[in-house]
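**Q** everything below, folded, please.
(chains A and B)
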Amino acid sequence: MNGSGANSVLLRASGVTKRFPGVVANDDITLEVQRARVHCLLGENGAGKSTLADLFYGVHEPDEGVIELRGEPIHMVSPRDAIAAGIGMVRQHFELVTPMSVLENVVIGTRGEAKVDLRTARVRLGELCDLYGVEVDLDTPVGDLAVGQQQWVEILKALYLGCEVLILDEPTAVLTPEGIERLFTTLRRMASEGLTIVLITHKLHEVMEISDDVTVLRRGRVVRTSLTSEVTMAGLTRMMVGRDVDLDIDVAEASRGDLVLDVSGLDVATESGRGSLKQVSLVVHEREILGIAGVSGNGQDALFDVLVGMQPAAAGTIVVDGQDMAELSPAARLDLGVASVPADRIHQGLMMDFRISENLILGRQRSDRFGRRGWLNQNDIARFADDSFANYDIAAPSPTHVTRVLSGGNLQKIVMARELAGQPRLLIVHQPTRGLDIGATEYVRRRLVEERDRGAAILLISEDLDELLNLSSRIAVMFDGRIVGEVDRRDATIDRIGMWMAGVSGTPGEAPP
Amino acid sequence: MSAGISNAPGTSSGSLLRRAGWRLERRLEVKPWHEVVTLVGAFIIGLAICSILIAASDKSVVDSYRALFDGAFGSRRAIYETLVQATPLIFTGLAAAFAFRAKVWNIGGEGQFFAGAMGAYFVSDLWSGVLPRGVMVPVLFIGAAAAGALWASIAGVLKARYDTNEIITTVMLNFIILLILSYLLGDLWRSPDTFYFQTVTLPESTHLPLMIGGSRLHWGFGIAAAMAVVVYVVLRRTALGYEVRGVGINRTAGSYKGISVPRVTVLVMAISGALAGLAGAAELAGVHHRLQLDISNNFGFVGIIIALIGRLHPAGVVVSAIAFGALVNGAVTMQIQTGIPAALVDVIQGLSLIFVLTGAVAVRYRLQRTRTDESLPALADPTDE
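**A** Numbers count the residues shown, from 1 in each chain, chains lettered A, B, ... in the order given. Just a heads-up that it's a prediction; the model follows:
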């Protein structure tokens, strides 16, 4: 590594907090990025990585705290300021003009010159490509390039604009394994030439492979910054999913009852092949919570979708109370007593522009409880909404307010109130406490336990290991679309599950740091 | 360190607003009065800008607008005539508003209008000699609604089954229905005593009764107003309306909770087409009494504007349809009295739409002071070493 730049702090966030309506995306973050090193920001979806990157790139301004570059505070109100200061970023969604050539796309970001000198630009860009070993034909229209190639154009743009810090937000998501290899080789070369790389990812092995330093984020806070050489995958897993101190719910073991859900040999194909399911089998009984652990992107979304009927099964059966519902529509599954709480409550669970009371009856707008023959009974709906507000501590001015005004915790309470109202036989829950504050988290968890004690069979898909260890009767671990291990809660340890989550089968051989 | 890169020229002008310490913030809730202010404001700005055009042509702005107003609302007769003009627009406006509520972009109101008129003519032609007026008129409206629904359903089914872009299919269907009508008017349905492309005049038994004797105001207006109420009730009080609005707001969440988006799409298209078809029946049975190619004054397309200006609300549709009817009606008087071309009202209509749409976005935001305590520090010098 380049000795002259080592151990000097180039980019620094101190005490940075960023709030969005209903969430604290970054909570008092302090973080130092050393010059000429590859620094990974690691965390689950929603841990606040992208928000932090956006703060570094001037997309948002921090509500509190300061961002410093070369030891001096910088105040950025737009990416233009970041670029001028020497910070470049490749975002998840590219900002390219597809009919124009690579060269034109790179030059388009330079401002302040009346006339662009394409010839000089070509020479300089050629030098950059040679320096870092980037292979892109400068005259090809960007629209003709593969997505992985387009990412190189974005990287070139940042370099051409003179960045000293290059931030990449989940750059490997669009790459093939060979593409990832090439990217990492180049990134290492850039770091050795003096560039500073900040890489955002939720993939552990990438962190181990590429980074010098790693900062783990969880629920908007920094868990720890370490030298990558001093951590293990299992240790990182543990930091990522974390340990909540106050959230231990005293779960008395309930004796499980009859078999409710019996999934066998389930295959689900996805278009990209990512996140598909392969031969998944599992069972859930009455008064039992089966936890599904796994790092995100290992098939959890497909599992949820196929169970609620949003994605077809390519093979296998989904039997609920003796009836195979693999071919049934989502509506028919609701009628069988299958309730669900999706991971993305804003996009999958709620109509944000509906009244709160309207969201509370979503899915049951045609049930006799809220009307007759296609007519809605406003009184019944209002009464149900009032009951839900009382039973679920929903903090909102009134049920007739638009749902958009609510905080994350209250949104989730609405979903819970709706899904639990029908006393479901089977409850499928995906990431039920993601993005919620401690109070709401505990509330949701308590409700799940109460539902279990009432007699429901619950499938709990979560990336929060503590949550799973706390609530589940048994825990199964998903990796690459398969269930790679299952363990009774009494025998479960974070290490064992962490190994499975990292794709290592067998018994754990090393202790976490 | 040296990366061997010279710094590219950067600027740091940023957003003026943000540098001045203000920020646009999304309102959590848009209240009804915000919408009303937007609507009225947009209309007034439209009129104001047109007054510049009038002044530029050396005409008196006050006189022109007075003539416009007199022509639209200056007498009982003028008001009735305004309502006659508004009638088809209420139907087509409701048609567009209903579909747009579900984010189903039915741009085929014009074609569905003609389909409706053709359906009405077809049943009239068949039964006007047999059925008494009290039965014939309702039957004719049912025929029109069915024909409009059927025509629109083609696009609905294509979208539901094959995810075909309904904007394109509905527009294409407009052309097709007009060509079919031309063919029929030139052949099967052509009146034997003329060489124009038109049918015979339909008998009395098919004529819509007048609401006000001695005027041209027919019961089509009453039916249109009633349909506005019906659409409102369906949207707010029925499970179907709930699903229609739900699909418009978030079809993903809707499908997760069992709403069949394809089914709702087809239904919405059909109902929207039926509403536009009713406009065709009202014009045929209330005004023209015979079918020809020019019975629509772009009612289907103007209905889209009406729906957008009316913020997709049935009451808003009725109000903006009457406003448009007034403009069309008053323009004639204005042209006669002041010599200003009636086409000016097209400009007013267009400008109003632009400002309503702008205002509809703007109203979702409010200005918020960001920081007052410090002046913004200068940026670090980008040149390095």
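**Q** A:T215 contacts A:R37, correct?
**A** No. The criterion here is Cβ atoms under 8 Å, and A:T215 misses it with A:R37 at 11.9 Å. Quick note: C-beta positions are derived from backbone N, CA and C, even for glycine.
**Q** what is in contact with the two at once?
**A** Listed contacts common to A:T215 and A:R37 are nil; contacts here mean Cβ atoms under 8 Å, 6 or more residues apart in numbering or on different chains.
**Q** any idea where the strands of the stretch 301-450 of chain A begin and end?
**A** Counting by DSSP state E, counting those that start in this stretch, one finds strands in the stretch 301-450 of chain A at the ranges A:315-320, A:323-324, A:338-341, A:371-372, A:375-376, A:426-430.
**Q** elements contacting the worst-scoring helix or strand of chain A on mean pLDDT?
**A** When each helix and strand of chain A is scored by mean pLDDT, DSSP states H and E, helix A:233-241 comes last, with a mean of 80. With contacts taken as 3 or more Cβ pairs under 8 Å, 6 or more residues apart in numbering or on different chains; DSSP states H and E, helix A:233-241 sits against helix A:204-210, strand A:213-218, strand A:221-227, helix A:465-471, helix A:494-501.
**Q** ok, and what's touching it?
**A** Contacts of helix A:233-241 (Cβ under 8 Å, 6+ apart): A:42-44, A:47, A:202, A:204-205, A:207-208, A:214, A:216, A:218, A:223-224, A:295, A:463-466, A:494-495, A:498-499, A:501-502, A:504, A:508, A:510, A:512-513.
**Q** buried residues, the biggest helix by length in chain B. List them.
**A** The longest helix of chain B (DSSP state H) is helix B:133-162. Along helix B:133-162, these residues count as buried under the neighbour rule (16 or more other Cβ atoms under 10 Å in any protein chain shown): B:136-137, B:139-160.
**Q** in the stretch 151-300 of chain A, which residue sits nearest chain B?
**A** Going by Cβ to the nearest Cβ, chain B is nearest to A:G194 of the stretch 151-300 of chain A, at 3.4 Å.
**Q** give the helix, strand or coil label for that residue.
**A** Here A:G194 is recorded as coil under DSSP: H, G, I helix; E, B strand; the rest coil.
**Q** model confidence score at it, please.
**A** On the pLDDT scale, A:G194 is placed at 91.
**Q** run a quick neighbour tally on it.
**A** Neighbour count for A:G194, taken as other Cβ atoms under 10 Å in any protein chain shown: 17.
**Q** thought it was touching A:R37?
**A** No. At 10.4 Å, A:G194 and A:R37 do not qualify as touching, with contact defined as Cβ under 8 Å.
**Q** contacting residues around residue 342?
**A** Answering for chain A, as no chain was given. Going by Cβ under 8 Å, 6+ apart, A:P342 touches A:F304, A:V308, A:Q348, A:G349, A:V415, A:H430, B:Y256.
**Q** nope, chain B please
**A** Contacts of B:A342 (Cβ under 8 Å, 6+ apart): B:A331, B:V332, B:M334, B:Q335.
**Q** quick one: contacts for A:M351?
**A** A:E358, A:N359, A:L362, A:T403, B:R245, B:G246, B:I249, B:N250, B:A253, B:G254.
**Q** which of the residues you listed sit farthest apart?
**A** A:T403 and B:G254 (14.0 Å; Cβ to Cβ).
**Q** host element of A:V484?
**A** Assignment of secondary structure by DSSP states H and E places A:V484 within strand A:482-488.
**Q** which other helices and strands contact that strand?
**A** Applying 3+ Cβ pairs under 8 Å, 6+ apart, we find strand A:482-488 packed against strand A:277-285, strand A:474-479, helix A:494-501.
**Q** 10 Å instead?
**A** When contacts are defined as 3 or more Cβ pairs under 10 Å, 6 or more residues apart in numbering or on different chains; DSSP states H and E, strand A:482-488 sits against strand A:277-285, strand A:288-293, strand A:474-479, helix A:494-501.
**Q** and the longest one, which strands flank it?
**A** Partners of strand A:277-285 in the sheet, by DSSP bridges, are strand A:259-268 (antiparallel).
**Q** list the buried residues in the partner strand.
**A** Buried positions in strand A:259-268, judged by neighbour count with 16+ other Cβ under 10 Å: A:L259, A:V260, A:L261, A:D262, A:V263, A:L266, A:D267, A:V268.
**Q** what packs against the longest helix of chain B?
**A** helix B:76-101, helix B:109-127, helix B:166-186, helix B:220-237, helix B:261-283.
**Q** out of these, flag the one nearest A:E286.
**A** Comparing the helices and strands packed on helix B:133-162 by Cβ to Cβ, helix B:261-283 comes nearest, at 33.4 Å.
**Q** any idea which helix or strand comes after the closest one?
**A** helix B:299-309.
**Q** where in the chain is pLDDT low?
**A** Just going to use chain A. Applying pLDDT under 70 to chain A flags the ranges A:1-7, A:21-23, A:45, A:111-115, A:176-177, A:242-254, A:272-273, A:437-438, A:505-513.
**Q** hm, I was asking about chain B
**A** Chain B contains residues with pLDDT under 70 at B:1-19, B:21, B:23, B:25-26, B:28-29, B:368-385.
**Q** what sits against A:E463?
**A** A:44-47, A:202, A:240-241, A:292-298, A:300, A:343, A:430-431, A:434, A:501 (Cβ atoms under 10 Å, 6 or more residues apart in numbering or on different chains).
**Q** one more time with 7 Å
**A** Contacts for A:E463 (Cβ atoms under 7 Å, 6 or more residues apart in numbering or on different chains) come out as A:E44, A:V241, A:V295, A:S296, A:Q431.
**Q** can you list the domains in chain A?
**A** The record's domain split for chain A, according to automatic domain parsing, is A:9-231, A:259-501.
**Q** centre of the chain to the longest helix of chain B, how far?
**A** Centroid separation between helix B:133-162 and its chain, computed with Cα atoms, centre = their mean, to the nearest Å, is 19 Å.
**Q** and the angle from it to helix B:109-127?
**A** Relative orientation of helix B:133-162 versus helix B:109-127 (axes from the mean of the first three to the mean of the last three Cα atoms, to 10 degrees): 140 degrees.
**Q** quick check: angle from helix B:133-162 to helix B:261-283?
**A** Using the same axes, to 10 degrees: helix B:133-162 against helix B:261-283 is 150 degrees.
**Q** between helix B:133-162 and helix B:76-101, how many degrees?
**A** Using the same axes, to 10 degrees: helix B:133-162 against helix B:76-101 is 30 degrees.
**Q** residues in contact with the residue of the stretch 201-350 of chain A found nearest chain B?
**A** Taking Cβ to the nearest Cβ, chain B has its nearest neighbour within the stretch 201-350 of chain A at A:A331, 3.2 Å off. Listed by Cβ under 7 Å, 6+ apart, the contact partners of A:A331 are B:G258, B:S260.
**Q** would you mind listing what in the stretch 201-350 of chain A touches chain B?
**A** Residues of the stretch 201-350 of chain A found near chain B (Cβ under 7 Å from any Cβ of the partner chain) are A:V308, A:M310, A:S329, A:P330, A:A331, A:L334, A:P342, A:H347, A:Q348, A:G349, A:L350.
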